[in-house]
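# 3D model of this:
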Amino acid sequence: MTAVIRGRLRLYLGAAPGVGKTFAMLAEARRRAERGTDVVIGLVETHGRARTADLLQGLEIVPRQTLEHRGAVFTDLDARAVIARRPKVALVDELAHTNVPGSRNAKRWQDVEEILDAGIDVISTLNIQHLESVNDVVQEITGVPQRETIPDEVVRRADQVELVDMAPEALRRRMAHGNVYGPEKIDAALSNYFRVGNLTALRELALLWVAGKVDDQLDRYRAEHGIAGTWETRERVVVALTGGPEGETLIRRAARIADRDKAADLMAVHVTRADGLTGADPASLARQRTLVESLGGSYHQVVGDDIARALLDFARGVNATQLVLGASRRGRFAQIFSPGVGMTTTALSGSIDVHMITHEEASKGLAGPGSRAALTWRRRGAGWALTLLGLPVLTAVLYGTRGHITLPTEILLFLLMVVAVALVGGMWPAVTAAVLGFGLLNFFFTPPIHTLTVARPENLLALTVYVLVAVMVSAVVDLAARRTREAARASADAEVLSTLAGHVLRGDAALPSLLARLRETFGLAAVTLLERRPGVEPVPGDRTDPRAWRVLATAGAGASDCPGEAETDVVVDDDLVMALRGRLLDAADRRVVEAFAAEAAVALRQERLSEEAERAGPLEEADRMRTALLAAVSHDLRTPLASAKAAVDSLRGDMQWSPEDYKELLATADESLDKLDRLVANLLDMSRLQAGVLGVASGPLGVEEIMPRVLDDLGALRERVLDEISDELPEVVADPALVERVLVNLVSNAVRYSPPGEKVLVTASSYGGDVEIRVIDRGPGIPVSQHDQVFLPFQRLGDRDNHTGVGLGLALARGLTEAMGGTLVPEETPGGGLTMILTLPISSRAGGV
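Below you'll find the model as predicted:
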């Protein structure tokens, strides 16, 4: 059986509705149809645009499927019908669309995937705001949440993405001419979503996303065709870091170079040796990585023994155009024998521009991390003892057998002794043994004996070779021991750092966890993170002044109040110091501690950012409420005030009114003032709830006593309420006035949105330790996904108009209910509508009856 070749997806991407995506898709379909391609329309939305509808003429349209949901009939894409028709190309509009509930797939892009898998090419459309990766950014820009989203990976898999671009001013003109929305929506759209700033930002998002897609395609093309050279399609600045003190200078210089082109990328790279035994200071690299990322760049680490070639391989791999290197820190004498990384990189760079940046550390010499003795002092002592005692013993033994063995044998035995010394004590005892052995062999065994003169040249050569071999063997053994120790040290450091990273990633409290882990790892008595007090300038001697510092976090007993009280202190930055008590740390341990300190600084910064975000949240919410309140009261306060004032002004005028008109004007004023009173009361109560100062006087209350007062408050609306609350229910714990307010809000809201002739049913029942009061209506209801939103202040969903109140009713009702220790939740009414369930706890007095 022949495998089906997957179809190709062509996508028209736009920054906003109305740029012409569907028009471009249909124009492409007509061009293909004219060339003889079998093209069908799976689904196209014209949105009432005449020019778009004209392009449908002459194209075959696959019938849509019909679906019923909540009593309404919808039509949608029939993917199975498209697959059964088996065209060459199918047009499917609005790729991110959410299908009607009950469809085969939840999303239209999933239908398109099935069509593609059937070997049919698909042409579709998409707006940038529907991409999952930019969804939050779009909401921040426009203030409108996008609930229909599509995974970026689906769009990136498209074989061809074409941007349908239009200047914001041109799109606004198109909208003003009625070519996008109907006349009733134009003003609102131009004043809100389609503002010039919004459209410009969305256009930039679309352009950047498509640029990234093109970049990926270019990288794939170069990889497939083995193109190693740099194609300067986009500026990419790579800065090489060694972990040395000059790193921050290089990063900032590279960032300035990248800033000359707003579209340029900044990348930092550090090359580590393949054996992993030597490298830069991890704390310095951590700080430099943080700096790069704060400047909008990215940090990378590659492995290679040839640093120059590794840098260039990385630069060519990312298609870099510029490479920033620091001037060599090696001394001038060292540069005579080797050109260095900078010169080698420049010579091999080809089309990549190389910037050699001078800095304060240039030509000062390399400051290594400091080396430790390869062997312990016990082994070095044993080596010296073997040298001083073993050589005389060996000389005495061989001198007693003189005449029975030859000089070459004696040299080999001395060489064996030197190797033994090297294995036990390392290089310097072995070198000493080699030199002493040369003298002993010369004096006791080389003719003429008992002199330091060598008569035969071959004996001198043998002794010289003996010394050279002994020194080389000693060096090799010592190097092997040193590398073994370095490897063990690197392994231990890596394990500690891995544990450190895992400890943070597991979500433990960052600072306390880091400091406790550091104290445990190095067996310290206490670890303290200190910060210079705000407003305190650095002065000589302040490291021993506790008044200049404050403790941010500590682990263990005996915290340091200032850096001077600690045995070891690690400077994180100008204001942060980590103080360690318990023992002195050597240089190698200090490097790992500096990595801990850098992570502690990051953890501290994250904690403070989280705290700032938490503090900003209530302020943002309060600001949002104030803004919404001002927008709401501009209409809702004005309307009853205007009505009441007009009625009073009419009554105060000179005109003579009939008794009926007089009563009607009074009723109008009374009704308007009542409405105003309720609105102000709701606003005040909501403010008290937000401030947490609402007074609640809860006590035992009979449920059947509540509804009569509620019906009285409803006035004429009481005729549309059916009260079926039983008199036999137990008492509840509640505030009578607040419960009445809650039920008035719930019932009036239900009556307002119930169909004419339908009554709102109010029932109650006891369940467990609670009484549930249900307010049931047969209105249009609210989708389950929006149930929580109806309780937000100043919210009106699709079943409400914008002129019936500030949207405080349900928010206030829930707030008052929770203040009494109850709950208020919505659920769907069987057969359609909404049921609000008010739950209140049963009184203990009732439970004891």
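# Report the buried residues of stretch 135-151.
Residues of stretch 135-151 classed as buried: 135, 138, 141-142, 146, 149-150 (neighbour count, 16 or more other Cβ atoms under 10 Å). Every C-beta, even on glycine, is put in place using the N, C-alpha and C of the backbone.
# typo on my end, stretch 654-672
Buried-residue list, stretch 654-672, by 16+ other Cβ under 10 Å: 665, 668-669, 672.
# Just the ones of the residues you listed in helices?
Those of the buried residues of stretch 654-672 mapping onto helices are 665, 668-669, 672, per DSSP state H.
# Trp384: which of these is nearest?
Ser672 (107.1 Å; Cβ to Cβ).
# pretty sure the closest one contacts Leu665?
No. Counting by Cβ atoms under 8 Å, Ser672 does not reach Leu665; the two are 10.7 Å apart.
# Common neighbours of these two, please.
Ala647 (Cβ atoms under 8 Å, 6 or more residues apart in numbering).
# where do the helices sit along the stretch 251-400 of the chain?
Using DSSP state H, counting those that start in this stretch, the helices of the stretch 251-400 of the chain run over 282-294, 307-317, 332-337, 340-348, 377-385, 391-400.
# The stretch 601-750 of the chain now?
Going by DSSP H, counting those that start in this stretch, the stretch 601-750 of the chain shows helices at 638-652, 659-691, 706-714, 736-752.
# Which secondary structure element is home to Met472?
helix 457-505 (DSSP states H and E).
# Could you look up the next helix or strand downstream of that helix?
Using DSSP H and E, the helix or strand that follows helix 457-505 towards the C-terminus is helix 510-522.
# how much distance is there from that following helix to the middle of the chain?
Chain-centre distance of helix 510-522: 25 Å, with Cα atoms, centre = their mean, to the nearest Å.
# Which elements pack onto it?
helix 457-505, strand 526-532, strand 549-556, helix 587-636 (3 or more Cβ pairs under 8 Å, 6 or more residues apart in numbering; DSSP states H and E).
# Can you tell me the strand partners of the shortest one and which way each runs?
Translated: strand 526-532. Paired neighbours of strand 526-532 in the sheet (DSSP bridges): strand 549-556 (antiparallel), strand 576-581 (antiparallel).
# Can you tell me which of the ones you listed is most buried?
Among the strands paired with strand 526-532, strand 576-581 has the highest mean neighbour count (mean count of other Cβ atoms under 10 Å), at a mean of 23.
# what's the average pLDDT for it?
Strand 576-581 shows an average pLDDT of 87 in the prediction.
# Please work out which residues outside that strand touch it.
Here strand 576-581 makes contact (Cβ under 8 Å, 6+ apart) with 518, 522, 524-532, 543, 549, 556, 558, 560, 562-563, 565-572, 593, 596-597, 600-601, 604.
# Buried members of these into PyMOL, please.
Applying 16+ other Cβ under 10 Å to these leaves a buried subset, and the PyMOL line that selects it is:
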select buried, resi 518+522+524+526+527+528+529+530+531+532+543+549+556+560+562+563+565+566+568+569+570+572+593+596+597+600+601+604
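# Quickly note the distance from Phe791 to Thr823.
Separation of Phe791 from Thr823 (Cβ to Cβ, to the nearest Å) stands at 11 Å.
# Check Gly822 and give its pLDDT.
Looking at Gly822, the pLDDT reads 90.
# Just give me the neighbour total for it.
24 (other Cβ atoms under 10 Å).
# tell me the phi and psi of it?
Main-chain torsions, Gly822, degrees, to the nearest 10: phi -110, psi -170.
# Skipping adjacent residues, who's closest to it in space?
Distances taken as Cβ to Cβ, 6 or more residues apart in numbering place Leu840 nearest to Gly822, at 4.4 Å, with adjacent residues excluded.
# Doesn't that neighbour belong to a strand?
Yes. Judged by DSSP: H, G, I helix; E, B strand; the rest coil, Leu840 forms part of a strand.
# So it sits against Asp735, correct?
No. With contacts counted by Cβ under 8 Å, Leu840 stays clear of Asp735, the gap being 10.2 Å.
# What is the end-to-end distance of stretch 100-120?
24 Å (Cα to Cα, to the nearest Å).
# Now the residue most central in space within the chain: closest residue in space that isn't a chain neighbour?
Residue closest to the mean C-alpha point of the chain, counted by Cα atoms, centre = their mean, is Ser133 at 10.7 Å. Once flanking residues are discounted, Ser133 sits nearest to Asp152: 4.8 Å by Cβ to Cβ, 6+ apart.
# Count the residues that sit near the one you found.
Neighbour count of Asp152, defined by other Cβ under 10 Å: 15.
# how much space between it and Leu207?
16 Å.
# How about Glu705?
Glu705 is 66 Å from Leu207, by Cβ to Cβ.
# and what of Asn198?
In terms of Cβ to Cβ, Asn198 sits 15 Å off from Leu207.
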